[in-house]
Structures are given as structure tokens and as C-alpha cells.
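> Kindly generate the corresponding structure for this input.
(one chain, ligands or ions: 1)
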Amino acid sequence: MSKSNRPEKKSSKAPDSMWGGRFSEAPDAFVERFNASVSFDQRFYAEDIQGSIAHARMLACAGVLSDKEAKQITDALGQIKKQIEAGGFAWSQAREDVHMNIEAALTERIGDVGKKLHTGRSRNDQVATDIRLYLRNRIDDISGLLGQLQMGIVALAEREASTVMPGFTHLQAAQPITFGHHMLAWNEMLERDYARLRDCRARMNLCPLGAAALAGTTYPIDRNMTARELGFDGPTVNSLDSVSDRDFAIEFCAAAGLIMMHLSRMAEELVLWSSQQFDFIDMPDRYCTGSSIMPQKKNPDVPELVRGKSGRVYGHLVALLTLMKSQPLAYNKDNQEDKEPLFDTIDTLRDCLQAFGGLVPALKTRQANMRNAALRGFTTATDLADYLVRKGLPFRDAHEVVGKAVAICLERGVELQDLASSDLQALSPVIDSDAGSVLSLEGSVAARDHIGGTAPKQVLAAASRARSLIEARD
Ligand code: ARG
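Modelled structure (predicted):
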């Protein structure tokens, strides 16, 4: 037998567990480590204690515990919470998870009364409740960070409402737009992301406590009371579903994946725009890093990392989908594997939102470079075609005329605005001397003066609507 296949030494300790009764030996040392989740689920100790306090109070109201017992339990849980927060709590792998660590500590403090806390409850409904409480809090943090980033984007849009830049399709210069308009496109993506987070929060905000192991419990519990006390909208409907459902976590990871996808699109544009080839923006030095070999380098590491981190968030979504796929009802230990992907998704998303929340408001625009770029690449060609339509030409014919004008420019190495009006008139007799005015960048953006258009006036109005929506959030 190879060394790695040999069973690890058995724990010499007697089973220090909540379920030792029917067992004749302690878990194998390897199994103890393999089975334990305390190293990562201790993260929701506060929610575990909050859920236990609500459960104990409910048991007292139901007459299952005396008021005195419930008070002893809830007081001691409060002290354990303080002990954890002071860093003085000894987490034990032998006690497997956050739930059993806290329950064992409770019994150590108050003796047999502590053993009554788990009446009418299972770790299955307990963990389902804890994750929902924890994720709900984190969704609230993340929504706040998202709102802060949106505010930064909207403020930048207002500042740059009239800054002309080239808009792109296929990354080829297409038509002039304003930088403010581009910023508001980013904001729209994030506005939908915010709505998705709120939907997810609303759907998950039901309390699984009372489902117990899977079938409910024989005690006269009041599920509405625990749900209310924990800030849920009500109890979950079906006990089997309550302990096995993790689709709220998957839904959150899907919403997080979309946010990361959006952040990575923004990151890509920041990287492009800060390159020497574009030179549209300048990122503050404090958000960039240098090169160990090339003294001149200033690298956009922060947006690059945000772009790169989208990969792990997508990975966690797929991990959770795969984790749940084919699981029979009700609870299975597979579900313990939901936590690390979920936690890393939360942490990654928070970091990325924080990074952009600081970076975006500190961006400096290089307006002259953007304007010069918009002057190249015939970006007002559509405006000239629209002018011809106004003079009576069908759009397809107008398109053809302007196409010919562009071909002449390419041949001469000039831009449309450099052509003499006689050149244009030679292409179509309907072109008057006023045609030159439609070729200006400012005229082009100002003419797109409708809801959703890039005219500076519209950008300011849209920014103000966007700002009010963010401010109206609770
Ligand atoms: N640590 C477990 C988890 O994260 C808690 C629930 C354990 N339930 C059980 N029946 N073993 O899922």
C-alpha cells in the first residue's frame, strides 16, 4: 500500500461530535479534515448566532423551552459572538462546522440547557438559513458599491457631456458620439445589474428554519415568528425544497457573472483608451504599476485584473450549477461545497467594484485627442447621407453618393470636411454650399437629439434621470 493510500492515524480523541451516539470509533483523521467546513463556514458565525437566537426565542414562545432557558441560551450566544469578534474563540476541526462549534461552546458555557437549542432544528435548515442571511447582507453591500460606481460614472458623464469622441462599431470609427454618452451606456448595464441583484434578493428572502432535517418537526413551532425576527418576508413553503435549494446562490452567481462581464468590457475600454494608440484617457498613477525592466512603462494593471477576474466568477457559477445538477432531494453533503465558490464570488465582486469605484471618478480625459480621432475615418459620412435625404434623395442613393465621396478622399488622403463644395456638387447636384456644416463633429452629435441619442442636451437629461434613479434606492 502506498503511503498516500494508507489511512491516516485515527484521532485518539473520543468522538467530539454531536452525533457520536451510534458510532464505535472516532472519525479517521483524514476523514475529519475532509469532512470539516469550519475553516470556511466560520465566516457566517454572526448569522448562525442570529438564527439560533431567533430559534431559541421562538421555542420559548411555543412553550418548548422555558423563558429562563431561552434567556440563558441567547445571553450565552451573545457572549460567544463577542468572544469570536475579539479573536478569542478556538475553532475546532473536530467539531466540523460553524454550527457545531458554536453549539458546543454554548454547552460548555451553560451546561445541559445548551443542549436544548437544537430542539426542532437540524443543521440542514440551519445552514440554509445562515447562507441566506449572509448572502442577503452581502447583496446589500454589493448593491451599495454598485451604486457608488454608478454615481461616479454618471458624474463623469455630466462633466463630459459635450466631449466629442469617435463611436465605434467593429472597433472601426463609426460616428461621433460624446464621452458622456459612452459613460451612460456603462451605467445602463450596471442599472440592469442592480435590478438583477434586487430580484435575486427578493426571491431568496424566505426563511427555511423549521424545515428541520427535511420533513419538518413535531414541535409546535411558529415559522412566521422566526421568519419575521430574521427579517425574512415569510417562511419557505416546502420543507424538502427548503433544505436542498441552493438556486438562490446560483442566481446570485449568475448576476455576479453578468456584473463581471460588464466590468470586464469597461476594463477593456479603459485599457485600450489608455494606450498610446488611443490616448483618450489618463489613469491616475496610484491605479497603475510600472515595469521591472522598462522604465517608461505605466501599466493599467487594475482594469486588467478586473478583466481577468471575470474568469473565476464565471467558473464559480459553473461549479455551483454542476454541484446541484442531479442531486436527489433533499439535503446532501454535496451542498457543503456551495460555500467556497459563493464566498469567492462575493469577495471578487466586492474588490472589483471597489477598484472601479475609485478609479472611474479619477479618470482624466484627453479631449483634444478624442476630438482628433473623431475627425479621422469619415465619421460624419452618415450625416452627409442624411443631408442628401433631406434634399430629396432616397437613402440608398444618398449612401452611394457619399460612398463615392469617401473613395475620392481615400484616393487623395484627405477627410470629407477637406473636400471643396465643387467636388461634392460634382457627385450630386442637390448638394448646396450648406453641406459643409453637416460635416462638423459638434453638429453631428447635436443633431442626434432624441431620447437615447448622443446630443449633449440629451446626455445631460439622461444623466439627471440616471442620478435620480440611483438616489431613490433604499
Ligand atoms: N456543514 C454542513 C454544510 O455546509 C452543514 C449541514 C450538515 N448537515 C448534515 N446533515 N451533515 O452543508
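
> Just give the nearest non-adjacent residue to Gln126, would you?
His99 (5.5 Å; C-beta to C-beta, 6 or more residues apart in numbering). Every residue, glycine included, has its C-beta placed from N, CA and C.

> Stretch 134-144 vs the ligand: in contact?
No: residues of stretch 134-144 are not located near the ligand by C-beta under 6 Å from any ligand atom, the shortest gap being 11.9 Å.

> Can you list the buried residues in that stretch?
Neighbour counts over stretch 134-144 (16 or more other C-beta atoms under 10 Å) mark 134-136, 138-139, 142-143 as buried.

> per-residue confidence for the residue in the stretch 151-300 of the chain positioned nearest to the ligand?
Nearest to the ligand, among the residues of the stretch 151-300 of the chain, is Ala213, at 7.1 Å (C-beta to the nearest ligand atom). For Ala213, the pLDDT comes out at 98.

> This structure against the ligand: which residues are in contact?
For the chain, the residues in contact with the ligand (C-beta under 6 Å from any ligand atom) are 37, 41, 97, 123-124, 127, 331, 333, 335-336.

> repeat that with 5 Å
Neighbours of the ligand within the chain, by C-beta under 5 Å from any ligand atom: 37, 97, 123, 127, 335-336.

> Just flag the most distant two among the residues you listed.
In terms of C-beta to C-beta, the residues of the chain next to the ligand reach their longest pairwise distance at Asp97 and Asn335, which sit 11.8 Å apart.

> which residues do these two both contact?
Residues touching both Asp97 and Asn335 (C-beta atoms under 8 Å, 6 or more residues apart in numbering): Val127.

> More neighbours: these two, which one.
Neighbour comparison, Asp97 and Asn335: the larger count goes to Asp97, with 24 against 21 (by other C-beta atoms under 10 Å).

> Touching, that one and Asp41? I think so.
Yes: counting by C-beta atoms under 8 Å, Asp97 touches Asp41, with 5.3 Å between them.

> sorry, back to before: thinking the residue of the stretch 151-300 of the chain closest to the ligand is in contact with Ser242, fair?
No: in this structure, Ala213 is not within contact of Ser242 by C-beta under 8 Å, at 10.7 Å.

> Which residues are in contact with each of these two?
Asp125.

> Comparing the two, which shows the higher neighbour count?
Set side by side, Ala213 and Ser242 show more neighbours around Ser242, with 26 against 15, by other C-beta under 10 Å.

> ok so the more buried one is a strand residue?
No: note on Ser242: no strand contains this position according to DSSP: H, G, I helix; E, B strand; the rest coil, which reports helix.

> Distance from stretch 72-88 to the middle of the chain?
32 Å (C-alpha atoms, centre = their mean, to the nearest Å).

> list the buried ones in that stretch?
In stretch 72-88, the ones that count as buried by 16+ other C-beta under 10 Å are 72-74, 76-77, 80-81, 84.

> Other residues contacting it?
So stretch 72-88 is in contact with 42, 45-46, 49, 52-53, 56-57, 65, 89, 102, 105-106, 109-110, 113-114, 116-117, going by C-beta under 8 Å, 6+ apart.

> Which residues are in contact with Leu240?
Leu240 touches 211, 214-215, 329-330, counting by C-beta under 8 Å, 6+ apart.

> Kindly recompute the last result at 7 Å.
Contacts for Leu240 (C-beta atoms under 7 Å, 6 or more residues apart in numbering) come out as 214, 329-330.

> about what we covered before: closest one to Ala174 out of the buried residues of stretch 72-88, please.
Ile84 (56.9 Å).

> What is the end-to-end distance of stretch 419-438?
13 Å (C-alpha to C-alpha, to the nearest Å).

> What helices and strands are in contact with the longest helix along the chain?
Ordering each helix of the chain by length in residues (DSSP state H) puts helix 123-159 first. Packing partners of helix 123-159 (3 or more C-beta pairs under 7 Å, 6 or more residues apart in numbering; DSSP states H and E): helix 45-61, helix 98-110, helix 179-204, helix 239-244, helix 247-273, helix 339-359, helix 456-471.
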